[in-house]
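Student: A structural model of the following input is requested.
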Amino acid sequence: MHHDDCLLINKIDKILKNYKNILVSFSGGLDSTVLLHVLMILCKKKNTKYNIRALHVNHNISNKSDLWMIHCQKICLKWNIPFFVKKIFIQSLDKGLEDAARKKRYQSILETLLPNEIVVTGQHLDDQAETFFLALKRGSGPKGLSSMSIISPFFFTFLIRPLLTFNRISLKKYAIRQKLFWIEDDTNQDEKYERNFLRSKIFSVLNKRWPYFSQSIFKSSKMCAEQEKLLDELLYTDFIRTITQEGSLLVEKLIVYSKIKRNAILRKWFRFYNLLMPSQIQLEKIFQNVICAKINSDPIFHISHIYEIRRFKKQLWILKRFKNLANIVLEWNINKSLILPDQIGIITTSNSGFSFRTPLYTEKVTVRFGLKGFIKIMNSKKLISSKKIWKKFNIYPWLRDRIPLLYYNEILIGGIGLFITESGKCIDKKSKLTLNFIKN
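Tutor: Numbers count the residues shown, from 1 in each chain. Okay, the predicted model is just below:
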């Protein structure tokens, strides 16, 4: 075997030596084919300790997707490696096709993982350089410029990239010497994708002028990662003092820090929620428009189409943006469970919970959202405004329109799981409807 091939195999063996059960993300492209081949060779060695499985995620984007899936299946059959397939369909394009596909792919990997199994992917040195440049384009700080690391936490296990110090040229030479066949995705030539543009227009020029440019980027990304770890250590105590058990930030603690320190804590908070790092402009708007907003206001800053930041009770909250349910009316057959919209939860009849009077046969039962006006709660002497009701039950403003309200015809009977109105109280204990609101 060629000397360089032995070096590649030994390097991967050294990186993975502390692990036994491995799930390989196998696309069928050059990098993952080389990686799977190396692992197959290691498995054939005497006294091998590796258990290898391969997962192919069929993205259903190209008209060749099924052919690529069959290609991967044949390779695994030839190399005697257990093969699994997950088919995904991309819908959300909030951050673009590439980001949506990556999230779906990682979700598929998570669903396939076995206990005590690690994930291994084929990202190489050129991928690292591209990631660095994309972070540079976004104006990222040291965290973003740290790019990828060889070993990263992945939910309850680790994601390992053993090819990260090898460039594509060296992997291609290995594949040719070993007579491997791999998929060439024709979309890799489409420059509308950012990575393809970098490969064809930027790195081809840079690597021609400076052949070791990618290695230099790798060194820079490692230094950024080290700086970020140091910053995490220095900020840890202040971050713990500022964040609550519910994951919000205490404004009174945050506001006394210098601008630089405050922004660093906000960025750490974004990482805590696994969100893209905010730009300097976004950080300034969060401070001016949310943190410094008037006391009685309800400030909101939209991070994306999915998330927003709010201030409530002198705390900052990162929240998912919910659908407006104000005009939704759900007819309900009380003999069956009712699934609520926007993944709120489910309502079922139960032996324990809130008991309302049973509806008359002439009354239509509906569930609605958005409490308005003045309401007379059971055993209350006077009408209470909806705002005071929410305060009484300590319901956060962003959750108030997600509390299911029970109606008989046009009469409010109660807030399920919270309160019963005078119109909904039981007179006869034998004739009662007990409901349980199971929240997602």
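Student: Sketch out the helices for the chain, chain order is fine.
Tutor: For the chain, applying DSSP state H gives helices covering 3-16, 30-44, 65-78, 97-112, 125-137, 142-145, 168-177, 194-197, 204-209, 213-242, 251-254, 259-272, 280-285, 386-392.
Student: Wait, Asn436 touches Leu338, no?
Tutor: No - if you go by C-beta atoms under 8 Å, Asn436 and Leu338 don't touch, sitting 11.2 Å apart. For every residue, glycine as well, the C-beta is placed using N, CA and C.
Student: Residues that sit against both of those two, list them.
Tutor: Ile347, Thr348 (C-beta atoms under 8 Å, 6 or more residues apart in numbering).
Student: out of these two, which sits in the busier spot?
Tutor: Between Asn436 and Leu338, counted using other C-beta atoms under 10 Å, Leu338 has the larger neighbour count: 20 against 17.
Student: May I have the beta-bridge partners of that one?
Tutor: Ile347 (DSSP bridges).
Student: re the thing from before, can I get the helices of the chain in a markdown table with mean pLDDT, distance to Ala326 and mean neighbour count?
Tutor: Below are these laid out as a markdown table (pLDDT from 0 to 100; distance: least, C-beta to C-beta, whole Å; neighbours: other C-beta atoms under 10 Å):
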| stretch | mean pLDDT | distance to Ala326 | mean neighbour count |
| --- | --- | --- | --- |
| helix 3-16 | 92 | 54 | 15 |
| helix 30-44 | 94 | 48 | 21 |
| helix 65-78 | 94 | 41 | 16 |
| helix 97-112 | 83 | 29 | 15 |
| helix 125-137 | 85 | 40 | 20 |
| helix 142-145 | 76 | 39 | 20 |
| helix 168-177 | 94 | 53 | 16 |
| helix 194-197 | 81 | 39 | 15 |
| helix 204-209 | 85 | 54 | 12 |
| helix 213-242 | 89 | 35 | 15 |
| helix 251-254 | 94 | 29 | 17 |
| helix 259-272 | 92 | 30 | 17 |
| helix 280-285 | 91 | 27 | 14 |
| helix 386-392 | 90 | 13 | 14 |
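Student: For these, give me a markdown table that also has distance to Asn440.
Tutor: Formatted as a markdown table, these follow (distance: least, C-beta to C-beta, whole Å):
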| stretch | distance to Asn440 |
| --- | --- |
| helix 3-16 | 38 |
| helix 30-44 | 36 |
| helix 65-78 | 32 |
| helix 97-112 | 17 |
| helix 125-137 | 34 |
| helix 142-145 | 31 |
| helix 168-177 | 44 |
| helix 194-197 | 35 |
| helix 204-209 | 49 |
| helix 213-242 | 28 |
| helix 251-254 | 29 |
| helix 259-272 | 22 |
| helix 280-285 | 29 |
| helix 386-392 | 20 |
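Student: So for Gln315, which of these sits nearest?
Tutor: helix 251-254 (6.3 Å; C-beta to C-beta).
Student: who's in contact with that closest one?
Tutor: So helix 251-254 is contacted by Arg241, Thr242, Arg262, Ile265, Leu266, Ile291, Arg311, Lys314, Gln315, Leu316 (C-beta under 8 Å, 6+ apart).
Student: and the two most separated of the residues you listed?
Tutor: Once C-beta to C-beta is applied, the contacts of helix 251-254 give Arg241 and Arg311 as the farthest pair, at 18.5 Å.
Student: I figured Lys320 hits Tyr307, correct?
Tutor: Yes - counting by C-beta under 8 Å, Lys320 sits close enough to Tyr307 to count as a contact (6.1 Å).
Student: So those two - more neighbours on which side?
Tutor: Tyr307 (17 against 10).
Student: okay, the contacts of helix 251-254 in TSV with distance to Val119 next?
Tutor: Below are these laid out as TSV (distance: C-beta to C-beta, whole Å):
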residue	distance to Val119
Arg241	35
Thr242	33
Arg262	36
Ile265	31
Leu266	30
Ile291	39
Arg311	38
Lys314	41
Gln315	36
Leu316	33
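Student: for those, which one is nearest Ile176?
Tutor: Leu266 (48.9 Å).
Student: which ones are touching that closest one?
Tutor: So, once contact is read as C-beta under 8 Å, 6+ apart, Leu266 ends up touching Leu249, Leu254, Pro278, Leu283, Ile286.
Student: Now do the residue lying closest to the fourth one once chain neighbours are set aside against Gln280, distance only.
Tutor: In space, Leu283 comes closest to Asn263 once its chain neighbours are excluded; the distance is 5.0 Å by C-beta to C-beta, 6 or more residues apart in numbering. Relative to Gln280, Asn263 is positioned 8 Å away (criterion: C-beta to C-beta, to the nearest Å).
Student: shared neighbours of those two, which are they?
Tutor: What both Asn263 and Gln280 touch, as defined by C-beta under 8 Å, 6+ apart, is an empty set.
Student: Neighbours of Phe203, how many?
Tutor: Applying other C-beta under 10 Å, I find that Phe203 has 20 neighbouring residues.
Student: Compute the number of surrounding residues for Leu418.
Tutor: Leu418 has 18 nearby residues by other C-beta under 10 Å.
Student: shift numbering so it begins at 84
Tutor: Taking 84 as the first residue, the last one we looked at is Leu501.
Student: Looks like it contacts Arg485 (just checking).
Tutor: No - assessed by C-beta under 8 Å, Leu501 is found out of contact with Arg485, at 11.8 Å.
Student: Which neighbours do the two have in common?
Tutor: Common neighbours of Leu501 and Arg485 (C-beta under 8 Å, 6+ apart) do not exist.
Student: Now do the contacts for Arg244.
Tutor: Here Arg244 is in contact with Val203, Thr204, Gly205, Gln206, Met231, Ser232, Ile233, Ile234, Ser235 (C-beta under 8 Å, 6+ apart).
Student: Try it again at 6 Å.
Tutor: Thr204, Gln206, Ile233 (C-beta atoms under 6 Å, 6 or more residues apart in numbering).
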